[in-house]
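Participant: when you get a sec, could you give me coordinates for this:
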Amino acid sequence: MDVKRKRLKILVDMWGEIMSRSSEGLTREEVIKILRNRYEREGVEPVRGAANPSDIYEKDLIALYIVGVDGLGIAQDLPKHVLDIFERERKYIEAVDAILKGDSDNLREKLIQIIGSPPDSALISKIFRVEMLRYYYGFKDRDDMPRILEALSKAFPEEEKTSKRLTKFYIAMKVAEAIIKGEALKQAIAIKLGSPRALPDDNYISKIMQTVFGAKVSKYSKILRIEKERTKEIGNKA
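Facilitator: Next up is the predicted model:
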């Protein structure tokens, strides 16, 4: 079983446990602890970038909620106290949906109203994470991550560093996905060169191949070296 299926199975099984124990009045902290134990027992970890933040399991409540709502369709069956556990995640999804409606007028104010305060770097990352996980787990065929990144960048220009960091992750993720799928190298390079200000290097791409897709980088080391040389060639011609 590949790492994506393992993660998905953990998240689906989590809902079985949450529903069976709903009468116990589970807290958010208890759900995070159970989720962490399940990941550790299966020998995998949540989707993450090159860093390994201490709150990665709290962040993965986004994935858990998305699987329940988009995958299992159980939103209508959840008791209020269970819904309350995921109140933050519901707001992140509402923020993404507001962006994708395409109404950019007063978007900053709308997102602040939804979240309840001006989003900081951590909150902006979680809003982006919603769309990234929807795409990663196959709940969306269309990749709307660039739209989310552009909208957040315009709405919160003071978070430029966060926008660059998320763009770097996005590009690395798409290049890694293209390489793993065996797509033409020039397609991967075209994606990689899409945002020169946030261009990830090969070491970063290799980390994303491991942390997001669970790939053995040694299998693709030659491709990454070729990609590096091709990028130099393109840069010299520019």
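
Participant: domain map for the chain?
Facilitator: 3-170, 171-238 (automatic domain parsing).

Participant: can I get these in a markdown table with mean pLDDT?
Facilitator: Formatted as a markdown table, the domains of the chain follow (pLDDT from 0 to 100):
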| stretch | mean pLDDT |
| --- | --- |
| domain 3-170 | 94 |
| domain 171-238 | 75 |
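
Participant: would you turn the ones you listed into TSV with mean neighbour count?
Facilitator: All C-beta spots, glycine's among them, are computed from the backbone N, C-alpha and C. Below are the domains of the chain laid out as TSV (neighbours: other CB atoms under 10 Å):
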stretch	mean neighbour count
domain 3-170	17
domain 171-238	16
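
Participant: the closest residue to Glu17 other than its chain neighbours and Ile85, how far apart?
Facilitator: Of all residues not flanking Glu17 in the chain, Ile34 sits nearest, at 6.4 Å (CB to CB, 6 or more residues apart in numbering). Distance, Ile34 to Ile85, by CB to CB, to the nearest Å: 12 Å.

Participant: Arg129 reaches Lys59, doesn't it?
Facilitator: Yes: counting by CB atoms under 8 Å, Arg129 does reach Lys59; the two are 6.7 Å apart.

Participant: distance between the ends of stretch 40-56?
Facilitator: Its first and final residues considered, stretch 40-56 spans 13 Å by CA to CA, to the nearest Å.

Participant: and for that stretch, what are the contacting residues?
Facilitator: By CB atoms under 8 Å, 6 or more residues apart in numbering, the surrounding residues in contact with stretch 40-56 are 3, 6-7, 9-10, 39, 57, 59-60, 63, 132-133, 136, 169, 204, 207-208, 211-212, 214.

Participant: from these, which ones fall inside helices?
Facilitator: Among these, the residues falling in helices (DSSP state H) are 3, 6-7, 9-10, 39, 57, 59, 63, 132-133, 136, 169, 204, 207-208, 211.

Participant: how about the helices in the protein?
Facilitator: Under DSSP H, the chain gives helices at 3-20, 28-42, 56-59, 61-66, 80-85, 87-100, 107-115, 121-136, 145-155, 160-180, 185-192, 202-211, 221-237.

Participant: helices or strands next to the fifth one in the packing?
Facilitator: Secondary-structure packing of helix 80-85 (3 or more CB pairs under 8 Å, 6 or more residues apart in numbering; DSSP states H and E): no helix or strand packs against it.

Participant: restricting to C-alpha, output it in CSV.
Facilitator: What follows is helix 80-85 as a C-alpha-only set of coordinates in CSV (Å, rounded to 0.1, in the frame of the first residue of the first chain):
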residue,chain,number,x,y,z
LYS,A,80,-22.8,19.3,17.5
HIS,A,81,-20.0,18.6,19.9
VAL,A,82,-18.0,16.8,17.2
LEU,A,83,-18.6,19.6,14.7
ASP,A,84,-17.4,22.0,17.4
ILE,A,85,-14.0,20.1,17.5
